[in-house]
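> For reference, the sequence and a predicted model appear below.
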Amino acid sequence: MLFHLMAQYGLKTGETTRLTTDSIDWVARTLRVEQYKTRSWFTLLLAGE
């Protein structure tokens, strides 16, 4: 799963290690990610099935 996020969305190792179950909004189909260096947040739309 982590390798998929890295390949599909271009996430870095530091960004994927900070993900939790709270990072995923299943209803809105989004993923909230903290950027490693800047400590800022961004939201990604999850790909469809």
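Nice, thanks for sending it over.

> Can you name the helix or strand that the closest residue in space to residue 23 that isn't next to it in sequence falls in?
Nearest non-adjacent residue to residue 23, counting by C-beta to C-beta, 6 or more residues apart in numbering: residue 32, 5.1 Å away. All C-beta spots, glycine's among them, are computed from the backbone N, C-alpha and C. Here residue 32 sits within strand 30-34, counting by DSSP states H and E.

> Let me know the next secondary structure element after that strand.
strand 41-45.

> quick one on the thing from earlier: neighbouring strands - and their directions - for the strand holding residue 32?
strand 24-25 (antiparallel), strand 41-45 (antiparallel) (DSSP bridges).

> And the first one, how far out from the chain middle?
Read that as strand 24-25. 9 Å (C-alpha atoms, centre = their mean, to the nearest Å).

> Low-confidence ranges, this structure, go.
49 (pLDDT under 70).

> still on that earlier bit, do you know which of the strands paired with strand 30-34 lies nearest residue 14?
In terms of C-beta to C-beta, the element of the strands paired with strand 30-34 nearest to residue 14 is strand 41-45, at 13.6 Å.

> which residues does the residue nearest to residue 40 when sequence neighbours are not counted contact?
Closest residue in space to residue 40, ignoring its immediate chain neighbours: residue 34 at 7.4 Å, by C-beta to C-beta, 6+ apart. By C-beta atoms under 8 Å, 6 or more residues apart in numbering, the residues touching residue 34 are 15, 18, 40, 41.

> Next, the angle strand 41-45 makes with the helix ranked longest in the chain.
Counting by DSSP state H, the longest helix found in the chain is helix 2-9. Calculated by axes from the mean of the first three to the mean of the last three C-alpha atoms, to 10 degrees, helix 2-9 forms an angle of 80 degrees with strand 41-45.

> tell me what helix 2-9 is packed against?
Other elements packing on helix 2-9 under the criterion 3 or more C-beta pairs under 8 Å, 6 or more residues apart in numbering; DSSP states H and E are helix 13-17.

> The helix it packs on - contacts with which helices or strands?
Using 3+ C-beta pairs under 8 Å, 6+ apart as the test, helix 13-17 ends up in contact with helix 2-9.

> Just give the closest residue to residue 41, not the sequence neighbours.
Counting by C-beta to C-beta, 6+ apart, the residue nearest residue 41 is residue 34, at 5.4 Å.
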